[in-house]
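Participant: Sequence plus predicted model, see below.
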Amino acid sequence: MSTDDKTYDLLSIGAHPDDIEVGTGGVLISLTKRGYHCGIVILTEGEMGTGGDAEIRAAEVKKAAGILGVDIIETFNWGDTRLEDTYDHRLEIARIIRRTKPKILLAPYPHVGHGRRQSHADHVASGLLTINAANLASLKKADLDGDPHLVRRIFHYFLPPRVAPNFVMDITPYFQQWIEALCAHESQFLNPEKEKDYIDSITSMARAFGLQAGCRYGQGFYATEPILVQDMMTLVEDSTS
């Protein structure tokens, strides 16, 4: 089955070629191992990154996707550092949503100013773009082919320091595989020209989320709408049982 005629349980959307792995990679591994269909959509080619170029980064995305077990639905060239939430861009993402019919979307947290100590401008734009595209995909009169599709939930990653996650996914069993997926982006995370140890920083963030929630390694998400729980006791069940 090609990705053109396949429906998905979840789509993870990122501005740059490694965003999805950093913010949602462990969760994607968890879901695919449990039989869910997950796809990724990348909005720029990451050509402004310190390491690599568009061609190198595209190859790294393909390698990482194989490790994660996800399909690459689309990679757009909408301009690294120049990404905008435009109507035409919304339509493109809405077309993908209608075609793939995901229940859940993951996207960067958009409700923050951009800047080095807040969020990359492309991350903000990709979060806003995802929200607005999901709305368009659900409208009967939108200028789109296919039947309207209502995404059930949008969860945000890349939370700024002042925003605490309102739920954390335990990725401890998949930690090593997640690190392998991150390392597939050699130009970014294993580049000897870079002084910072990015893998260590990303690992520390996962450890911090895990400590908050009571596991070793976690990935944090923010839901703008309350999460409905049918059985409160499921919130305290031992995840290893």
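Facilitator: Yep, that arrived.
Participant: ok, how many other residues are close to the nearest residue to residue 151 once chain neighbours are set aside?
Facilitator: Sequence neighbours aside, residue 134 is the residue nearest to residue 151 in space, at 4.7 Å (criterion: CB to CB, 6 or more residues apart in numbering). C-beta: built from backbone N, CA, C; applies to glycine. Around residue 134 there are 23 other residues, counting by other CB atoms under 10 Å.
Participant: For the chain, which segments count as helices?
Facilitator: Along the chain, the stretches classed as helices by DSSP state H are 19-33, 54-68, 87-100, 121-137, 175-183, 186-189, 198-213.
Participant: And the shortest one, how far out from the chain middle?
Facilitator: Same thing as helix 186-189. Put simply, helix 186-189 sits 18 Å off its chain's centre (CA atoms, centre = their mean, to the nearest Å).
Participant: ditto for stretch 21-39
Facilitator: Between the mean C-alpha point of stretch 21-39 and the mean C-alpha point of its chain there is a distance of 10 Å (CA atoms, centre = their mean).
Participant: How about stretch 150-168?
Facilitator: Put simply, stretch 150-168 sits 11 Å off its chain's centre (CA atoms, centre = their mean).
Participant: and it, C-alpha only, in CSV?
Facilitator: Extracted C-alpha coordinates of stretch 150-168, given in CSV (Å, rounded to 0.1, in the frame of the first residue of the first chain):
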residue,chain,number,x,y,z
LEU,A,150,-12.1,16.3,11.9
VAL,A,151,-8.9,15.6,13.8
ARG,A,152,-9.8,14.6,17.3
ARG,A,153,-6.8,16.0,19.1
ILE,A,154,-3.8,18.3,18.5
PHE,A,155,-1.0,17.9,21.0
HIS,A,156,2.0,20.3,21.2
TYR,A,157,5.6,19.6,21.7
PHE,A,158,8.7,21.9,22.0
LEU,A,159,7.3,23.6,25.1
PRO,A,160,8.9,26.8,26.2
PRO,A,161,10.4,27.0,29.7
ARG,A,162,7.3,28.7,31.2
VAL,A,163,4.9,26.0,29.9
ALA,A,164,4.6,22.8,31.8
PRO,A,165,3.4,19.7,30.0
ASN,A,166,0.0,18.5,31.0
PHE,A,167,0.9,15.0,30.1
VAL,A,168,4.1,13.0,29.6
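Participant: Mind pulling up the pLDDT for residue 216?
Facilitator: Residue 216 is assigned a pLDDT of 97 by the prediction.
Participant: With residue 160 instead?
Facilitator: The model's pLDDT for residue 160 equals 90.
Participant: can I assume it is in contact with residue 113?
Facilitator: No: proximity of residue 160 to residue 113 does not meet the contact threshold set by CB atoms under 8 Å, at 9.0 Å.
Participant: which of the two has more neighbours?
Facilitator: Residue environment comparison for residue 160 versus residue 113 gives the larger neighbour count to residue 160, 15 against 10, counting by other CB under 10 Å.
Participant: quick one, phi/psi of the more buried one?
Facilitator: The phi/psi pair for residue 160 (degrees, to the nearest 10) reads phi -70, psi 160.
Participant: nearest spatial neighbour of it, skipping sequence neighbours?
Facilitator: Residue nearest to residue 160 in three dimensions, not counting chain neighbours: residue 112, with 4.9 Å by CB to CB, 6+ apart.
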